[in-house]
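*Asks:* sequence unknown, structure follows:
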């Protein structure tokens with residue numbers, strides 16, 4: 001370790017998977033995953049269909065538990081605590097590790113009430129407090145300037161890209177530590193996609209961001225590190241620029257050059 005590294009040690013991981021395996025009805029989907037997710041980084045997860053990417057993502061806040069046939073081995077640590085510990089409060093965990101899905105689903109209310117819903121459940125009640133939370137969340141999702149005069153209008157009147165950022169703002173209103181995004185741009189046009197990627201670049205200053213994407217070009221643009229999954233295994237992970245220009249494993253190179261997937 002160099003003197004500089006000794007003075008500025010790397011921060012502990014926000015999430016750490018240690019020998020983590022996942023299965024549904026006894027069929028392996030993930031096998032022996034060892035991977036750290038660092039504070040204030042954008043980690044892209046790439047790989048062909050049926051590689052376990054979404055199962056990996058849903059494991060991080062225990063959404064897979066909703067499937068009766070789900071089972072797992074190994075550990076996932078969040079800030080050093082095993083998320084499968086019996087003392088873990090699941091609603092709290094899912095507030096701290098929020099998820100944005102491929103298809104935005106705004107609640108059937110106004111823009112304002114979409115954002116305020118979660119904080120209200122968490123105990124926020126004062127009008128001024130809620131207004132501050134809503135504005136802050138919309139600013140962080142880079143949506144405030146576009147909707148500040150439409151907060152009372154139904155959220156479903158927003159464009160697809162705006163609805164996706166609204167769903168992101170809904171999570172940000174709960175002050176999470178980690179953001180999980182499962183193909184958030186799959187149904188969006190290039191301009192909306194660029195806006196989402198720009199937003200993620202800003203958010204990583206304060207959050208850990210995990211982005212599952214089937215678009216390798218997006219992974220190259222919008223991440224600091226990239227992990228390549230294949231048939232339930234983590235083939236390699238590294239700095240995005242290195243992985244895309246000089247991958248350590250030939251299967252990674254074949255995938256990112258379009259030879260399969």
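*Replies:* Yes, it's here. As the structure is a computational prediction, the values presented were derived from the model and not from experiment.
*Asks:* quick one, strands of the stretch 101-250 of the chain?
*Replies:* Ranges of strands in the stretch 101-250 of the chain, per DSSP state E, counting those that start in this stretch, are 178-182, 208-212, 225-230, 233-239.
*Asks:* Tell me who's in contact with the residue most central in space within the chain.
*Replies:* By Cα atoms, centre = their mean, the chain has its centre lying nearest to residue 180, at 1.4 Å. Residues in contact with residue 180 (Cβ atoms under 8 Å, 6 or more residues apart in numbering) are 57, 60, 61, 97, 98, 99, 100, 210, 212. For glycine as for every other residue, the C-beta is placed from the backbone atoms N, C-alpha and C.
*Asks:* try it again with 7 Å
*Replies:* Taking Cβ atoms under 7 Å, 6 or more residues apart in numbering, we find residue 180 in contact with 57, 60, 61, 97, 98, 99, 210.
*Asks:* which residues pair with the last one across the strands?
*Replies:* Meaning residue 210. In this structure, residue 210 bridges to residue 43, residue 180 when assessed by DSSP bridges.
*Asks:* That one is in contact with residue 41, isn't it?
*Replies:* No: contact between residue 210 and residue 41 fails when scored by Cβ atoms under 7 Å: they sit 9.1 Å apart.
*Asks:* of these two, who's got more company?
*Replies:* residue 210 (25 against 17; other Cβ atoms under 10 Å).
*Asks:* contact partners of the host helix or strand of residue 56?
*Replies:* Using DSSP states H and E, residue 56 sits within helix 53-59. For helix 53-59, contacts defined as Cβ under 7 Å, 6+ apart pick out 20, 22, 29-30, 33, 45, 47, 64, 76, 180, 182, 210, 212, 229.
*Asks:* again, but for stretch 109-128
*Replies:* 106-107, 130, 133-134, 137-138, 147, 150-155, 166, 169-170, 173-174.
*Asks:* Give the buried subset of those residues as a PyMOL selection command.
*Replies:* Applying 16 or more other Cβ atoms under 10 Å to the contacts of stretch 109-128, the buried members can be selected in PyMOL as follows:
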select buried, resi 106+130+133+134+137+138+147+151+155+166+169+170+173+174
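*Asks:* Excluding covalently adjacent residues, which one is nearest to residue 182?
*Replies:* Nearest non-adjacent residue to residue 182, counting by Cβ to Cβ, 6 or more residues apart in numbering: residue 212, 4.9 Å away.
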